[in-house]
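S.K.: take this sequence and fold it.
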Amino acid sequence: MTPPPGCPAHIGASHASASRLYGPEAESDPYGLYERLRAEHGPVAPVLLHGDLPAWLVLGYRENLDVTRTPSRFSRDSRLWTPHREGRIQPDHPLAPITTWQPICVFTDGEQHERWRGAVNDSMARFDKRGIRRHVTECANDLVDQFCATGRADLVHQFAEHLPMMAMTQLLGMPEEYSHQLVNAARDMLRGTKTAVASNEFVQEKLRKLVARKRAQPGADLATWLLEHPSGLTDDEVQQHLRLVLIAAFETTATLIANTLKMVLTDVRFRASLAGGHMTLPDAVEQVLWDEPPFMAILGRWATQDTELAGQQIKAGDALILGLAAGNVDTVVRPDLDAPIHGNRAHLAFSGGAHECPGQDVGRAIAGTGIDALLLRLPDIALACEESDLDYRSAILSRHLIELPVKFTSRQPQASELTDFESPSAQPDVQHTKPPAPATSPGRTAPERPSWWRSIMKRKWLRRG
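M.R.: Got it, this is the predicted structure:
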């Protein structure tokens, strides 16, 4: 089909007036954009990605499930994407880190997917859930110790962003690699920024070292179990799957913790129900997974053939974006959006079909256990600003709070040795820290000065010794 005059050659008539999923409107009010697109186009809407690359945003609940459950029509193999085949996705493109095909389960279907996904499932099933909760409680208390004496804190940068990374680096077998830089790089990769490629390389370098170390010195951790799995994964396959688990678990859990804490602090009905015993903390987490899923959207699926979806003509090689947040508020499944949802896990927060998130129970355990530990330590915690003053940073895939300022009665840290280490207030604000550059040479990165998160890990090893 010939594009209209003035329309770039790679944008067909169906996308000539499509809305961008990046830029001011998408970043300031993504939910508003979703509803406008739904009103204009129905359950599937034409949109533009970075570089004005055309794609389809799936807004309907049933349509999202249809896409995830029919890999014969909608594949996870990004090599099918027309811009990739035409060479328009260069290595420095903002979406390259999350769309360039890699030897991991999320980019495959069929037998190869079963082999890789089976290794991940089997290895993650070996985790002791009670052990995870004990470790997360210890990490949460260590983080609370850093700010409990001040009577004020920012729960995004001082709690929600650090707890999942502390937990996941331990589970992967790399607790010594936990750092502020790793937190920044992990989040930056999913924003589609100009520094996403450098952040990706920083994470990859950490994981290369981990795989080499675990090949020589096995342990009771995910890296070792993947290396030892009967499916015979190569070192590169193990590294790429560790990256997948680390980044996905970090982003989803950090955002889930922040969003759940925000709801507990701001929604009167929610907190009253929680305090009155009518809603457990797991119920609260599930409600947030419906209302504010950590991943608002997932890119992607790629059409294997010319097909039709909700009245839209999808061409072979077209990209589809799963609109998880939009699907969760589809009135087809939620006619009353204000009605509480107790114990209902039918949401799209973890996608669906064969590629449904394998680590969702670990994420729930980290979030629920961490929040429970925080509320136990600081029972009178309250928001330190007006709810209307809270601000978000949005990207194509995610939306998260920039800050969550709180106040509470000052308390002494549980760890008496805390005063021997640095305070987090001495560190730069995470929000303004630039993502790390790639290592200057293989196996070498810039030295990091001692800091508060290293003191946390030091105390943990002292106590264990």
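
S.K.: part of a strand, is Leu320?
M.R.: Yes: under DSSP: H, G, I helix; E, B strand; the rest coil, Leu320 falls within a strand.

S.K.: tell me the secondary structure for the residue nearest to it when sequence neighbours are not counted?
M.R.: In space, and not counting its chain neighbours, Leu320 is closest to Arg301: 4.4 Å by C-beta to C-beta, 6 or more residues apart in numbering. C-beta: built from backbone N, CA, C; applies to glycine. What three-state DSSP gives for Arg301 is strand.

S.K.: Arg301 contacts Ser78, correct?
M.R.: No: using C-beta atoms under 8 Å as the test, Arg301 is too far from Ser78 to be in contact (9.4 Å).

S.K.: tell me where the stretch 101-250 of the chain has strands.
M.R.: Ranges of strands within the stretch 101-250 of the chain are 152-154, based on DSSP state E, counting those that start in this stretch.

S.K.: can you give me the helices in it?
M.R.: 110-124, 129-147, 162-172, 180-189, 196-216, 222-228, 235-266 (DSSP state H, counting those that start in this stretch).

S.K.: which one of the ones you listed has the lowest average pLDDT?
M.R.: Of all the helices of the stretch 101-250 of the chain, mean pLDDT reaches its minimum on helix 180-189 (a mean of 86).

S.K.: tell me the angle it makes with helix 196-216.
M.R.: 120 degrees (axes from the mean of the first three to the mean of the last three C-alpha atoms, to 10 degrees).

S.K.: distance between helix 180-189 and the chain's centre?
M.R.: 11 Å (C-alpha atoms, centre = their mean, to the nearest Å).

S.K.: please apply the same query to stretch 364-375.
M.R.: 17 Å.

S.K.: please apply the same query to stretch 363-371.
M.R.: Counting by C-alpha atoms, centre = their mean, stretch 363-371 comes out at 14 Å from the chain centroid.

S.K.: now it: average pLDDT?
M.R.: pLDDT averaged over stretch 363-371 gives 95.

S.K.: residues in contact with that stretch: which ones?
M.R.: 129, 132-133, 136-137, 139-140, 159, 163-164, 167, 249, 252-253, 256-257, 260-261, 264, 281-282, 285, 357 (C-beta atoms under 8 Å, 6 or more residues apart in numbering).

S.K.: now the residues you listed: which count as buried?
M.R.: 132-133, 136, 139-140, 159, 163-164, 167, 249, 252-253, 256-257, 260-261, 264, 281, 285, 357 (16 or more other C-beta atoms under 10 Å).

S.K.: which residues of the chain score low on pLDDT?
M.R.: 1-12, 190-192, 271, 274, 277, 415-465 (pLDDT under 70).

S.K.: what residue is smack in the middle of it?
M.R.: Glu251 (2.5 Å; C-alpha atoms, centre = their mean).

S.K.: hmm, Arg187 and that residue touching each other?
M.R.: Yes: judged on C-beta under 8 Å, Glu251 makes contact with Arg187 at a distance of 6.5 Å.

S.K.: picking up where we left off before, in TSV, list the helices of the stretch 101-250 of the chain along with distance to Gly352.
M.R.: Listed next are the helices of the stretch 101-250 of the chain as TSV, based on distance: least, C-beta to C-beta, whole Å:
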stretch	distance to Gly352
helix 110-124	14
helix 129-147	23
helix 162-172	23
helix 180-189	23
helix 196-216	26
helix 222-228	24
helix 235-266	15
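
S.K.: just these: most buried one?
M.R.: Ranked by mean neighbour count, the helices of the stretch 101-250 of the chain are led by helix 162-172 with a mean of 25 (mean count of other C-beta atoms under 10 Å).

S.K.: other residues contacting that helix?
M.R.: Contacts for helix 162-172 (C-beta under 8 Å, 6+ apart): 127, 132, 135-136, 139-140, 142-143, 175, 177-178, 182-183, 186, 210, 221-223, 242, 245-246, 249-250, 253-254, 257, 362-363, 366-367, 370, 453, 456.

S.K.: returning to what we had before: closest to Thr99 out of the helices of the stretch 101-250 of the chain?
M.R.: helix 196-216 (11.1 Å; C-beta to C-beta).

S.K.: please name every helix or strand in contact with the closest one.
M.R.: helix 96-99, helix 180-189, helix 222-228, helix 235-266 (3 or more C-beta pairs under 8 Å, 6 or more residues apart in numbering; DSSP states H and E).
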